[in-house]
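> Just a sequence and a predicted model for now, questions to come.
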Number of protein chains: 2
Amino acid sequence: MKTRITDLFSIDFPVIAGGMVWCSGWRLASEVSRCGGLGLIGAGSMSPELLEEHIEKCRKATDKPFGVNIPLMNVNSAEHINVVIKHRVPVVVTSAGNPATHTERLKQAGCKVVHVVANCKFALKAQSAGCDAVVAEGFEAGGHNGKEETSTLVLVRQVADAVSIPVIAAGGIASGEQLAAVMALGAEGVQMGSAFAVCKESSAHPAFKQAVFASKEGDTKLFMRKLSPTRLLKGEFFDLIAEAEARGASSEELLSIIGTGRTKKGMFDGDLSMGELEIGQVASLIEREKTVEEIFCELKSGFAKAQQRLQNLSI
Amino acid sequence: MKTRITDLFSIDFPVIAGGMVWCSGWRLASEVSRCGGLGLIGAGSMSPELLEEHIEKCRKATDKPFGVNIPLMNVNSAEHINVVIKHRVPVVVTSAGNPATHTERLKQAGCKVVHVVANCKFALKAQSAGCDAVVAEGFEAGGHNGKEETSTLVLVRQVADAVSIPVIAAGGIASGEQLAAVMALGAEGVQMGSAFAVCKESSAHPAFKQAVFASKEGDTKLFMRKLSPTRLLKGEFFDLIAEAEARGASSEELLSIIGTGRTKKGMFDGDLSMGELEIGQVASLIEREKTVEEIFCELKSGFAKAQQRLQNLSI
């Protein structure tokens, strides 16, 4: 499948595995790249030293292109940028911050740069900053999310109209039919998080994966709208915050309840009651642990089915 | 374009115009049906007598099939049901209530019955109750909305898998590309609200239409999550409720602030500050007043473009 995204990254299939904290190590990233997509290492939960180690292991595991996701609000982000430049990582996906800060330096070092956005304003900003593409991530996505709450179906259409650089759709995509749907909207690739977060090669805790497989529709929710909207699996920790929000708790109180280390606790250590379980709305569509290879097979057959379905409709 | 939905309703193009309070009178409904879609009269803002008048006028304006939307929580809903049976309205779309209550009687009277759902549980319930199809309406939709906040991209995929009756997608659809996207997911038709709510033939107030044309991304928001989630254009009334919700106001206090007659005030009388302005997230994609005929033309050309885009992608 050829789009501007497959050309840009020199990959066969325009599917990027999001660089998710506690899930996206070298094992997942290299396997996604080996299967023809683009695997990302998630720097958000790594020290600069650990990131270097994962980049080196990923290179040993595959000679295919791969990338690193760097959340810019992370305390280590400037050092992470130095690491990816030093190691000449082919693709860098930046998120949660200003795309103008590092893009020029990364591009000078030969990296392709992609920025994650949740609205047209930031998509245009990323384009002006020299980014090669944007990820337009909708309300459905797990983890941190935009304040506008624009869904992928609306957002991708808008962003594809607003910018001239290629658009990668994210949020709410775990099947080939959903891949086809966002390509129909004008996306030229997709970034999938949830499906890869709970696949065999993800480093997430088995208990977290099982909780995702068991989840039903409505079991994830966007919360912490006051501080920083985040989509999680519901549970005890979720209830604690929701209760505080409902009685009008201040930002300070909310922050103190949240504390630190919640995502590690939930997603890596498997503490389902007091950990922060970041996952997207498609969680309810994912029913068992698959390998990356299986996910790619299913994406392709679902896409072909959807393509056929549309071809049969004439106007 | 032929699907089980075009067969079911005997229409040419599987686009249904939602039966929206204060917008969907006989003028809009008959014009949508004349153009090859299915127009709905919105009973929610009508007395039984007024509904009869609109049904009669709609029949005079077109000999094509049309329908009536009846929100079941409405105080007049039982009488509305009697009216549509008396007038042998071809299609009845019920929403906001139990699909088992009236479906059998409506079907015995020869009506096709469709129920609006926001999750698989109710989709299966509607199927068991004998409904001919379901509208799967996502988080993006204007007005009343599901508690699960499932977006159209996720919901339609799930509902299409769960039921065997045809699925009509709703929420976040105003362009031909979005139509193609939801058909790729497995929908066999769409229900569009916002685009028709502000078109030339809608009976909404011009000031409301202008506010929608001027709106940008993030300008609609789901609110009143505690009482009954509803998507509105932001404004003074929205702020009033949002402020009360943020300080943890009780349901009783919220209800007393809301009072009655807010949607009429906003959408029919054009009071933009104190009226309730129900519109979907696609509002930001709609920039000027179009006729129903223009909307259909644009839908068809956008759909053809998206279809071509997908055809060009080979696996």
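Perfect, thanks for sending it.
> Would you mind measuring from the residue nearest to A:I81 when sequence neighbours are not counted to chain B?
Of all residues not flanking A:I81 in the chain, A:H102 sits nearest, at 5.0 Å (C-beta to C-beta, 6 or more residues apart in numbering or on different chains). C-beta coordinates here come from the backbone N, C-alpha and C atoms, glycine included. Look at A:H102 and chain B: by C-beta to the nearest C-beta, to the nearest Å, they are 26 Å apart.
> A:R262 now?
From A:R262 over to chain B the distance is 22 Å, taken as C-beta to the nearest C-beta.
> Quick check: chain neighbours aside, which residue is closest to that residue?
Of all residues not flanking A:R262 in the chain, A:E276 sits nearest, at 3.7 Å (C-beta to C-beta, 6+ apart).
> which residues touch the residue nearest to A:I81?
A:H102 makes contact with A:L72, A:I81, A:T94, A:V113, according to C-beta atoms under 8 Å, 6 or more residues apart in numbering or on different chains.
> Can you list which of the residues you listed are found in helices?
Among these, the residues falling in helices (DSSP state H) are A:I81.
> Now tabulate the contacts of A:H102 in a markdown table and tack on pLDDT and neighbour count.
Formatted as a markdown table, those follow (pLDDT from 0 to 100; neighbours: other C-beta atoms under 10 Å in any protein chain shown):
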| residue | pLDDT | neighbour count |
| --- | --- | --- |
| A:L72 | 96 | 18 |
| A:I81 | 98 | 23 |
| A:T94 | 98 | 28 |
| A:V113 | 98 | 23 |
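> Can you tell me the element A:F213 falls in?
Taking DSSP states H and E as the criterion, A:F213 maps to helix A:206-214.
> Now do the buried residues in that helix.
Buried residues in helix A:206-214, counted by 16 or more other C-beta atoms under 10 Å in any protein chain shown: A:F208, A:K209, A:A211, A:V212.
> From those, pick the one nearest chain B.
Distance to chain B, by C-beta to the nearest C-beta, is smallest for A:V212 among those, at 14.1 Å.
> Surely the closest one touches A:S194?
Yes: in this structure A:V212 lies within contact range of A:S194 using C-beta atoms under 8 Å: 7.3 Å.
> Overlap in contacts, the two.
Common neighbours of A:V212 and A:S194, counting by C-beta under 8 Å, 6+ apart, are A:I279, A:A283, A:I286.
> Which residues are in contact with the last one?
What that stands for is A:I286. If you count contacts by C-beta under 8 Å, 6+ apart, A:I286 has them with A:A174, A:S194, A:A195, A:V198, A:V212, A:F213.
> Among those, which one lies nearest to chain B?
Out of the contacts of A:I286, the member with the shortest distance to chain B (by C-beta to the nearest C-beta) is A:A174, at 8.6 Å.
> what's the most centrally placed residue in chain A sitting at in phi/psi?
The geometric centre of chain A, computed from its C-alpha atoms, lies nearest to A:G18 (C-alpha atoms, centre = their mean), at 3.4 Å. A:G18 adopts backbone torsions of phi -50, psi 150, taken as degrees, to the nearest 10.
> circling back to that earlier point, relative to chain B, which of the shared contacts of A:V212 and A:S194 is nearest.
Taking C-beta to the nearest C-beta as the measure, chain B sits nearest to A:A283 out of these, at 9.4 Å.
> Help me confirm that the closest one comes into contact with A:S194.
Yes: using C-beta under 8 Å, A:A283 is in contact with A:S194, at 5.7 Å.
> Check the stretch 1-150 of chain A for the residue nearest chain B and tell me.
Closest point on the stretch 1-150 of chain A to chain B, by C-beta to the nearest C-beta, is A:E148, at 3.3 Å.
> residue contacts, that residue?
A:A118, A:N119, B:E217, B:G218.
> Return the members of those residues classed as buried.
Among these, those buried by neighbour count (16+ other C-beta under 10 Å) are A:A118, A:N119, B:E217, B:G218.
> related to what we said a few turns ago, sitting in strands, which of the contacts of A:E148 do you find?
Among the contacts of A:E148, no residue falls in strands (DSSP state E).
> and which of the residues you listed is nearest to A:G143?
Ranked by distance to A:G143 (C-beta to C-beta), the contacts of A:E148 are led by A:A118 at 11.8 Å.
> And the pLDDT at the nearest residue in space to that closest one that is not next to it in sequence?
Spatial nearest neighbour of A:A118, chain neighbours left out: A:G146 (2.5 Å); criterion: C-beta to C-beta, 6+ apart. You'll see A:G146 listed with a pLDDT of 94.
> Number of residues surrounding A:G146?
Neighbourhood size, A:G146 [other C-beta atoms under 10 Å in any protein chain shown]: 22.
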